[in-house]
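1. need coordinates for the below:
(2 chains)
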Amino acid sequence: MGIDRREFLKGTGKFILLTSAAALAWDSLIAGRPEAAPNYNLQDHWWGFTIDIEKCIGCGSCVRACKTENDVLLEPYYFRTWVERYHVPKGDIEHPEVDSPNGGYDGFPPRYKPGDGSKNFFVPKLCNHCAHSPCTQVCPVGATFDSPDGVILVDKTYCIGCRYCVQACPYGCRFIDPRTMTVDKCSLCYHRITKGLTTACCETCPTGARMLGDLKNPKDPIHEFLRTHKVQVLKPQMATGAKAYYNGLDGSVR
Amino acid sequence: MRKFLKDREHLVRMAGLFLAGLVVFLILRVILVPQGFYEYGHFRTGALADNAARPIAYAGREACESCHPDIVDQRKGSHHSAIACETCHGALAKHADDPSKLKPTLPDAGKLCLVCHREEMAKPKFLKQVNPREHMGSESCVACHKPHHPEMA
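-> Have a look, this model is predicted:
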């Protein structure tokens, strides 16, 4: 006697349910819990950054270090961090002249003559690692995201290169890497900070104008810096919750 | 009521189909959603480890100083003492891992010194700046200054 219809359906139903449950269990069993680095607890950190414009000498060490550390293309279109030179003509804060030859990679050749009453300074730029980042909100595939420790990262295996995030970033901190056609940006040297090192740009900054800080660590000097300096973020009107705090930021800076 | 009971077979079939569809959906979801997605948010948790896996290029000042304490002494009390070694000497994590594998080359003082110290309006006043032509002519910086302790002439 053969199997009847009812029994066949019952059996098939059971089989499907059980295999899907087993697949779930098996997946979580073989994957284990992914770890960023040993002894690094995601929940214990909330990374921020301070930049002291009054200390920046425009040497471009940060730009060179960043490109070396993170394998950024050397062509002058691709930067995870770069330095801008501001030239504010006398009394005209609305119309600053801004230049950034090769992003400051080779330093800044002298350009303006002293005595014209202008104001001149350097502004290093990098991803602001916003707490309410516009770039991660527009990613259609979850390839760029706010990590639980406050860093905006890119999942290169998921990025489809649609460039939505490049347009969404109000600070111009993203670019498409032509080698992979995926987006690239400052990762706050995630491979270094998870191992207890500072970022490559902070490591090589000769004046200490750039400082990485852990806002969740009460002993971190960033708290003292934020308390004793009048800091501002870039484009505060965008309400991005930027975590790159600038000391001595002029009103002309865009 | 009687009619409903009479036709219940149709309903059972519909429910069966619906259940089968649900099962297919759940299976597809397990296959298609990557491991660890939504664990911390709308992203794959493994991406954190991917980002953290990149090799390090700059060893960091502590690594340099653990092997070169003589240079630390040379730099004591100098304006350059707070500058990390790799700012001038370049990325040397490979050298720190195995000193025989990568020998650092001496930086080109003619270029490197002036990247910081060439006169420029935008540079802050605390920084010593020179006009190379007036300050040294064709002489090299290291003819007078020791880079590790530049105040010593």
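
2. which of the residues in stretch B:104-123 are buried?
-> Going by neighbour count (16 or more other CB atoms under 10 Å in any protein chain shown), the buried part of stretch B:104-123 is B:112, B:113, B:114, B:115, B:116, B:117, B:118, B:120, B:121, B:122, B:123. Every C-beta, even on glycine, is put in place using the N, C-alpha and C of the backbone.

3. tally of neighbours for whichever residue of the stretch 151-254 of chain A sits closest to chain B?
-> The stretch 151-254 of chain A approaches chain B most closely through residue A:155 (3.6 Å), counting by CB to the nearest CB. By the measure other CB atoms under 10 Å in any protein chain shown, the count of residues near residue A:155 is 23.

4. now do the contacts for residue B:54.
-> Taking CB atoms under 8 Å, 6 or more residues apart in numbering or on different chains, we find residue B:54 in contact with A:70, A:190, A:191.

5. which one of the residues you listed sits closest to residue A:45?
-> residue A:190 (10.9 Å; CB to CB).

6. tell me the SS of the closest residue to that closest one other than its chain neighbours?
-> Leaving aside its chain neighbours, residue A:190 sits nearest to residue B:51 (4.3 Å; criterion: CB to CB, 6 or more residues apart in numbering or on different chains). Under DSSP: H, G, I helix; E, B strand; the rest coil, residue B:51 falls in the helix class.

7. do residue B:26 as well
-> Under three-state DSSP, residue B:26 comes out as helix.

8. picking up where we left off before, tabulate the contacts of residue B:54 (a markdown table), appending secondary structure and pLDDT.
-> Shown next, in a markdown table, are the contacts of residue B:54 (DSSP: H, G, I helix; E, B strand; the rest coil; pLDDT from 0 to 100):
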| residue | secondary structure | pLDDT |
| --- | --- | --- |
| A:70 | helix | 96 |
| A:190 | helix | 97 |
| A:191 | helix | 96 |
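
9. about what we covered before: the residue nearest to residue A:190: how many residues sit nearby?
-> Residues lying near residue B:51 (other CB under 10 Å) number 21.

10. correct me, but it touches residue A:187?
-> Yes. Residue B:51 is in contact with residue A:187 according to CB atoms under 8 Å; the separation is 5.6 Å.

11. doesn't residue A:143 make contact with residue A:162?
-> No. With contacts counted by CB under 8 Å, residue A:162 stays clear of residue A:143, the gap being 9.1 Å.

12. just want to know which of those two has more residues nearby.
-> Comparing residue A:162 with residue A:143 by other CB under 10 Å, the one with more neighbours is residue A:143, at 24 against 15.

13. look up how far chain B lies from the more buried one.
-> Applying CB to the nearest CB, to the nearest Å, the value for residue A:143 to chain B is 7 Å.

14. looking at the closest residue to residue B:150 other than its chain neighbours now. What's its pLDDT?
-> Counting by CB to CB, 6+ apart, residue B:150 lies nearest to residue B:80, which is 5.9 Å off, once chain neighbours are set aside. In this prediction, residue B:80 carries a pLDDT score of 93.

15. and residue B:80, what does it touch?
-> Shown in contact with residue B:80 (CB under 8 Å, 6+ apart): B:147, B:148, B:149, B:150.

16. is it true that it lies in a strand?
-> No. Read with three-state DSSP, residue B:80 is coil and lies in no strand.

17. re earlier: name the residues contacting each of residue B:51 and residue A:187.
-> A:153, A:154.

18. now tabulate the contacts of residue B:80 in JSON lines and tack on secondary structure, pLDDT and neighbour count.
-> Formatted as JSON lines, these follow (DSSP: H, G, I helix; E, B strand; the rest coil; pLDDT from 0 to 100; neighbours: other CB atoms under 10 Å in any protein chain shown):
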{"residue": "B:147", "secondary structure": "coil", "pLDDT": "91", "neighbour count": "18"}
{"residue": "B:148", "secondary structure": "coil", "pLDDT": "93", "neighbour count": "19"}
{"residue": "B:149", "secondary structure": "strand", "pLDDT": "92", "neighbour count": "16"}
{"residue": "B:150", "secondary structure": "coil", "pLDDT": "90", "neighbour count": "18"}
